[in-house]
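Novice: Only the shape, not the letters, is given here:
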C-alpha cells in the first residue's frame, strides 16, 4: 500500500494483505497500518489497484470500512474479483473501471494507466502526474513477449514517459536477484502436457486462486487428453466463475463438472483444480494431504504444484510435499519439472526498463529488503546517481521536490492482524502469549488472600497445562508469590497484584526452569 500526497489530498495505490507465518497463530491475514490516514479519510481522492492478487487487493474491504465511498479505480477483472470480496463484507463500494491507455484526474492527481504483463490478466502500471513531478509505479509486472492473452507490457509507453521525464520510478523488485530474462508462460505447456498424458490416475493441480493464465493452461492440456475438470475450494470456485463469466477463462462445453461427479469417473479422466500450493493448513490441498477432506488421495495420484515458492513459506510447502508423498501421490513441482514461471521481472528485464525510462530517482518496491537493494544496484549500474536510488522500508516518507527525492521521516507502519474478519483482534503481545502457550504451556495460580493483612490464607494451588511443576518447583514458586505480595504497596488483591505476581513467576521460571509458560493469577479475597 502506497499513499501519494499533494496539496493536502491523498491518492492510495493498492491495499493488499500479507499471509500469516508460523509465528502468527490464529491470524487470518495481516493488513497495512492505516493509522496515518486517521482523521484524513475525507482527503482521499481515490484508491488505484494495479491488479487483482490478494497482496494488492486483500486489504480493501477493511480500508473501505473507514470510508465506504472512496472511489476504487482499476481494470475490469480486478474490480470483479474485488466485488466478490466486498460482498462477503457487505460493502457496496464505488468502483470506476479503467483500461490501459486511459488517463483520468482525481483531485490534483493526473493518472495514466499502462498495460503490464503479470501472472493475472488486466495488470496495470500507473503514471501519476502532479506539479511536483511525474511518478511511474509498475505494479507487479514482467516482460513476457509471448503472453497467453497476447497483452504485452507497454514498453513503448514506458519509453514515452521516459522522454517526458520520470522524476520517480517505482519498479517491482521481487525477482531483482534473478539474472537474465524469464521464460515465457507458453514454455510451460510441454511439462504440463506431459503430466496430463502420463499420469496413471487422477491429477490434482494446486495454484493461486487468481492465477487465471495458469488455470487456462491446465484446462487446455486436460482437454487435449480427454480429462474432465472440477474446481475445489471456495476462492478457486469464486474466482474462476468470475473469470469465466467475463470471458477471461475459456472452458469447453461439458468439460467442467462438480467435484462429486468427478469422483465417480475413471481416475484417468479426472483433474481437480484447487487452492493450497503454499501449504496453507486450511486450504483444500493440505486437508487432502492430511486425510481431512472429502476427496481422498490414493496411490498413483499425481499432484501438480503449479505455482511459485513464496519466500517464508518454504517449510510449509516442503511439509506439504512430504505429506502428499506419504499418501502415495507423485508430486510434480517447480523443483523437478518446468511447471511454473514467475510473474515478476528479472534483472535483465528491469535493466531494460531502466534504460527505457531513464528516471531521475528510483525507489524499488514489492519485495523483501534484499530484493529492493538488488533492484537499486541495477538502477545505479544503468546510470542513476547512487544518492537518488532509495532503499526504504514500510512507513518511510519520501519528499519529491524539484526533481529530487529524499527520505524525510516516517509514519507508523506496524502489522495489523485480522481474526474472523476483525482487524486488530490480535496484537503482538497476544501472539507472543499464544506462541508461549504452544511451546511452554500455561499455569493458573489460585490464591486466597486476606485483603487487610495481605497474608496468603491457604497454600496456593497450581494448575499447569503443557508444563510440569514438581513439588519442589511449587515450593519455590510459593516463595516468589509471598515475596511479591509483601513488596506490593497498596491493594494486594486486585488486578495490579495479580499482574505483578504473574510477572514475578515468569521471571523465576525463565531463570530457574528455562521455560516461559503463560501465568494467570487469580486472587480470591478471604
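Specialist: Perfect, I can see it now. A quick note: this is a predicted structure, and the numbers were derived from the prediction, not measured.

Novice: When you work out contacts or count neighbours from here on, use the C-alpha atoms and nothing else.
Specialist: Fine.

Novice: Look at stretch 372-390 and report the distance between its end residues.
Specialist: Distance between the two ends of stretch 372-390: 9 Å, counting by Cα to Cα, to the nearest Å.

Novice: Can you name the residues in contact with it?
Specialist: Here stretch 372-390 makes contact (Cα atoms under 8 Å, 6 or more residues apart in numbering) with 173-174, 176-177, 347, 350-351, 354-355, 358-366, 391, 404-407.

Novice: run the last query once more with 7 Å
Specialist: Under the criterion Cα atoms under 7 Å, 6 or more residues apart in numbering, residues 173, 176-177, 351, 354-355, 360-365, 391, 405 lie in contact with stretch 372-390.

Novice: Residue 361 pairs with what?
Specialist: When assigned by DSSP bridges, residue 361 has beta-bridge partners residue 168.

Novice: burial count for it?
Specialist: A count of neighbours around residue 361, defined by other Cα atoms under 10 Å, yields 25.

Novice: picking up where we left off before, what about the contacts of stretch 372-390, which are in strands?
Specialist: The strands, defined by DSSP state E, take in 361, 362, 405 from those.

Novice: Can you tell me which of those residues is nearest residue 95?
Specialist: Of all the ones in strands among the contacts of stretch 372-390, residue 362 has the smallest distance to residue 95: 30.6 Å, by Cα to Cα.

Novice: Tell me, how many residues neighbour the closest one?
Specialist: By other Cα under 10 Å, the residues close to residue 362 number 29.

Novice: That one reaches residue 167, doesn't it?
Specialist: No. Checked against Cα atoms under 7 Å, the pair residue 362 and residue 167 is beyond contact range at 8.3 Å.

Novice: ok, residue 162 to residue 356 distance?
Specialist: Residue 162 sits at a distance of 6 Å from residue 356 (criterion: Cα to Cα).

Novice: And the two? Which one has more around it.
Specialist: When residue 162 and residue 356 are compared for neighbours, residue 162 comes out ahead with 22 against 18, by other Cα under 10 Å.

Novice: what's the helix or strand for the more buried one?
Specialist: Residue 162 is part of helix 155-164, with elements assigned from DSSP states H and E.

Novice: Kindly provide the whole-number mean pLDDT of that helix.
Specialist: When pLDDT is averaged over helix 155-164, the result is 98.

Novice: could you say what helices and strands that helix packs with?
Specialist: Counting contacts by 3 or more Cα pairs under 7 Å, 6 or more residues apart in numbering; DSSP states H and E, the secondary-structure elements packed against helix 155-164 are helix 347-357.

Novice: now what about the helix it packs on, what contacts it?
Specialist: Taking Cα under 7 Å, 6+ apart as the criterion, the residues outside helix 347-357 that touch it are 143, 158-159, 161-162, 166, 175-181, 378-379, 382.

Novice: Ok, stretch 219-233 next?
Specialist: With contacts defined as Cα under 7 Å, 6+ apart, stretch 219-233 is touched by 192-193, 196-197, 237, 251, 255-259, 262, 269-275, 284.

Novice: Give me the buried subset of those.
Specialist: 192-193, 196-197, 237, 256, 259, 262, 269-275, 284 (16 or more other Cα atoms under 10 Å).

Novice: Figure out the length between the terminal residues of stretch 62-72.
Specialist: 13 Å.

Novice: Residue 187 belongs to a helix?
Specialist: Yes. When DSSP: H, G, I helix; E, B strand; the rest coil is applied, residue 187 is found to be in a helix.

Novice: that older thread, among the contacts of stretch 219-233, name the ones in strands.
Specialist: Secondary structure defined by DSSP E assigns 270, 271, 272, 273, 274 of these to strands.

Novice: you'd agree the last one is up against residue 238?
Specialist: No. Taking Cα under 7 Å as the definition, residue 274 is not a contact partner of residue 238, at 11.6 Å.

Novice: Name the residue closest to the centre of the chain, please.
Specialist: What sits nearest the mean C-alpha location of the chain, by Cα atoms, centre = their mean, is residue 18, with 2.9 Å.

Novice: residues in contact with that residue?
Specialist: Counting by Cα under 7 Å, 6+ apart, residue 18 makes contact with 29, 30, 31, 55.

Novice: Could you give the number of residues near the third one?
Specialist: With neighbours defined by other Cα under 10 Å, the count for residue 31 comes to 25.

Novice: so it touches residue 419, yeah?
Specialist: No. Distance between residue 31 and residue 419: 11.0 Å, which falls outside the contact criterion (Cα under 7 Å).
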